[in-house]
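> Dropping a prediction and its sequence here:
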Amino acid sequence: MRYRKLSVLLHLQIVHLVNTASDYDPYKILGVSRSASQAEIKRAYKSLAREWHPDKNKDPKAEDMFIKISKSYEILSNEERRSNFDRYGQMDDNQPFGQSQHQGFRSFHNSFYFDESFFHFPRSRDFADSKYLLHHAQFNSDVLPDSHRRPYLIKVTSEWCFACIHIEPVWKETVQELEPLGVGIGVVDLGYERRLVNQLGAHRAPSIIGLVNGRVTFFHQAVVREHLRQFIEDLMPNKLVEKITDNNYLSFLDSWHAENKPSVLLFDQVPVVPLLYKLTAFAFRDYVRFGFVDQGDMHCTRLLRQFNINTYAPTMLLFKEYTEKPVDIIQARGMKRQIMDEFVSNNKFLQVPRLVNQQLFDELCPVKQFHRRRKYCVLLITGEDPAFVAGNKAFLDFASANRKDILRFAYVYQSQQQPLCHVLLHNQASLSPQVVILERRSQAGKVLYRSVSGGWNGSEEDKYRLHEQLELLQKDPAYLSSDATLPELNNEMAPVSHCSYYSTSLVQCRHAQIFHYYNEMMPILSLIFSALFILFGTVIIQAFSEPGENKPRKPKPREQPQTENDPTSRASTSSRPPKKDFVEVTELTDITYISNLVKLMPGHINVVLVLANVSKNALLRKFAKEVFSFSG
C-alpha cells in the first residue's frame, strides 16, 4: 500500500511538471498570434519589455516575467527556432528536435534516472548575470584586447544546469569582491553561444575560465571565493611588483634611466602585496615600475623616515627623474581602483622620456586635430656617451622649469634612431646635440618643424635661445617653416635591435639573432617535419603491406556454398577475427551510431563505407586493408 501511494504521488508530480512545461507558449506570453509577422513580434516584445523591466517595475514577479518575455522573443525572432517550436514544441538547442521527452527516464527497472532536460522548462537566469553576458563578436572585439590590461573571470552556464544553481551564491560574492578591484566579469550561455563556447574550449556547464593576455585557463578547484581570488592572482605575471626595503630602494628608483619609466612605491601595513595594487601594476606595466613597502618590516625603517610616511594609512609615492623627492603623492585609508588609476595615468611618462618606439611617440606627441589641442614636441637629438651627460641633464632642467600643457619634451639617441634623425637634420650627421621643435600633422608621418640654431650644449645661452624660440612659436604657429615626412621609429625594445646596439662583439650579436630567428621558426619547422613524417610513414607502411596482397595463397579446402541471405554466413563473416594487417571495421547500428559518430571527440575523423548486402563480402575486406595505415 505504501509503494502504491508513493507511485501515485510521483506520477501526479511528474504529470504536474509536464503540464507546466507544456503551458509555456511564447505566443501567449508575447500576446501575438501564430501567424504574426516579425514586425508584430518585435513591437510586442518592445512594449512588454518596457513594461516588465525590473528596473522600472517593482512587482516581485517582474524579473521572472521579463526573462520569459526575452526567452519568448529569442525563440520567435529566429525563424529556425520558431519553426521547430511550431513543429515540436521544442525550446532548447541542446536537445535534438523531435526527441521523445520520455528519454528522461533511462533504465527505469535498474535504477531511477532523472534527466535535467526532461520537463522542458528553462531555469530563470539570475537577472544580475544579464549585464555580463558575452557574445562571440563582442568577445573578440572588446574582451580579448582588454585582457591585456586586466584579467577576466568568465562563467560558462546553461539554463538546464542544476549544478550552476549551487555555485551562484559563491559566484555573486566573488563578483562583488573582484569587479570593484578591476577584474573583468563575463558570463557565457552554453545553449546560445556555441561559437564562443567552442572558441573557449568549454563544453560543459558550469565551467569557470580565466583570461589574461588572450590566454584561456580553466579553474579546476572547489568553487570557493578564496580559491577564485587566488586563481586570478596566479594568472598574472609574477614580477609585476618588486618588494622594496632599505637595501634596494635606491637602485629601484635610479633605474628610471635604463627602464625609461617612472616608479611608484606603495607603503602599507600588510605583509603581502594587495590584489588591488597588483591589478593596477598589470594595467600600467608598460609605462610604470611598481614597488611595495611593508611598513611593519624592520628593514624599511630608514625608507619610512626619509620620506616621512604616515603609518596609519596606505600611501603612494611617484618618482620620475629626481629620486630625492616624489613628484606626486596620495594617501587614503580606503584605496579605490579609480583613485589609483587616475594617479598613475596622470604620471605615466617621465618629464623627458626617451623615444624608443612609435607607440610612445604617438602618445607623447599626438597628431594635431584642433587648434586648441595643438601640441608641440621639443626633441633633443643626442648621444649615449658620457660626454653627452651634462647636456642631457641641462635639457632635463630646462624642461622641468618650462612645463606647459602645449609642450612635450623628449630625446632620442641619434645612433639608435638614424632614419628619423637623418630627416630632421637633412641627412647630415651632427657631432653635437641638436634641438628640433616639431608639430605632427598626420598619422602618415607629416610634420612641421624647425631646428634651433646653434645646437645644444646645455649652456645658459642655449637655454635662453630655446626659451626665446618657444615664445615666438606660441605667438605665431607659422614659425615652424620646414615640413617633412618622418619614418616610423625603430623599436629599441625588440630583441634584435637591442642586440645590434648593445652586444660587445659582432659574433655574440649574430648568435643572438640566430637564436631569435630559431625560436620564431620552430613552430613552422615542427609542423613541416610532422607532415613529412606522417607522409613518409604512410608510404613505408603501404610499401610493406602491399606485397602481402600479391603473394600466392595456398588453396583452401572447398567449403559448402552458402547463400547471401543465410544468417550463418553473415555471422561467420562479422565474427571472424581481423588479420594482422587489418583494422577492425565497426558496423554502424542504432547502438554504435551514437558512440562512433555523435560523441566523436574533437580532432577525430570517421570514414564510413555504405554497402549493400550484395557487395558487402567483396568490398569490406579490401576496405579494411586500405584504411589500416590510417587507423587511430
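Right, received. Where do you want to start? Quantities reported herein were computed from a predicted structural model and do not represent experimental measurements.

> hey, let's count contacts and neighbours off CA atoms from now on
Will do.

> Could you list the low-confidence segments of this structure?
Counting by pLDDT under 70, the low-confidence segments of the chain come to 1-23, 89-128, 369-373, 427-430, 494-523, 542-584, 590-591, 594-603, 631-632.

> Mark out where each domain of it begins and ends.
Following the TED database, one finds the domains of the chain at 2-111, 127-235, 242-273+283-346, 358-492, 591-630.

> Among those domains, which comes closest to Leu527?
In this view, the domains of the chain are compared for proximity to Leu527 by Cα to Cα, and domain 591-630 is the closest at 16.2 Å.

> for the strand or helix carrying Glu173, packing partners?
Mapping Glu173 onto the secondary structure by DSSP states H and E places it in helix 163-178. Packed against helix 163-178, as judged by 3 or more Cα pairs under 8 Å, 6 or more residues apart in numbering; DSSP states H and E, are the following elements: helix 225-235.

> and the helix or strand just after the helix it packs on, how far from the chain's centre?
Proceeding N to C from helix 225-235, the next assigned helix or strand is strand 241-243, under DSSP H and E. Computed by Cα atoms, centre = their mean, to the nearest Å, the chain-centroid distance of strand 241-243 equals 25 Å.

> Could I get the full set of strands for the protein?
When secondary structure is read from DSSP state E, the chain shows strands at 152-157, 184-189, 207-212, 215-218, 241-243, 263-268, 289-294, 315-319, 328-331, 376-382, 407-413, 434-440, 446-451, 482-485.

> Partner strands of the first one, with direction?
Take DSSP bridges as the rule and strand 152-157 pairs in its sheet with strand 184-189 (parallel), strand 207-212 (antiparallel).

> Keeping just the C-alphas, turn the last one into CSV.
Which is strand 207-212. Only the C-alpha atoms of strand 207-212 are listed here, as CSV (Å, rounded to 0.1, in the frame of the first residue of the first chain):
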residue,chain,number,x,y,z
SER,A,207,32.8,26.0,-16.1
ILE,A,208,34.9,28.9,-14.8
ILE,A,209,37.6,30.4,-17.1
GLY,A,210,40.4,32.9,-16.5
LEU,A,211,41.5,35.1,-19.4
VAL,A,212,44.8,37.1,-19.3
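
> Need the contact partners of it.
Under the criterion Cα atoms under 8 Å, 6 or more residues apart in numbering, residues 147-148, 150-157, 216-219, 231-232, 235-236 lie in contact with strand 207-212.

> Quick check on those residues: which are buried?
Neighbour counting by 16 or more other Cα atoms under 10 Å classes 147-148, 150-157, 216, 218-219, 231-232, 235-236 among these as buried.

> Run a quick neighbour tally on Phe319.
Phe319 is surrounded by 24 other residues when neighbours are defined as other Cα atoms under 10 Å.

> Is it in contact with Phe307, as I believe?
No. Phe319 lies out of contact with Phe307 (Cα atoms under 8 Å); the separation is 11.8 Å.

> what do those two both touch?
Lys325.

> can you pull the contacts of Trp52?
Under the criterion of Cα under 8 Å, 6+ apart, the neighbours of Trp52 are Ala62, Glu63, Met65, Phe66.

> Closest one of these to Ile541?
Distance ranking of those against Ile541, using Cα to Cα, places Phe66 first at 63.2 Å.

> Can you give me the neighbour number for the residue lying closest to Glu233 once chain neighbours are set aside?
Beyond its immediate neighbours in the sequence, the residue positioned closest to Glu233 (Cα to Cα, 6 or more residues apart in numbering) is Leu275, lying 7.1 Å away. Neighbour count of Leu275, defined by other Cα under 10 Å: 16.

> Distance of Leu275 relative to Val183?
Shown here: Leu275 relative to Val183, a distance of 10 Å by Cα to Cα, to the nearest Å.

> Common neighbours of those two, please.
Contacts common to Leu275 and Val183, judged by Cα under 8 Å, 6+ apart, are absent.

> most centrally placed residue in this structure?
Closest to where the C-alpha atoms of the chain average out (Cα atoms, centre = their mean) is Gly214, at 2.7 Å.
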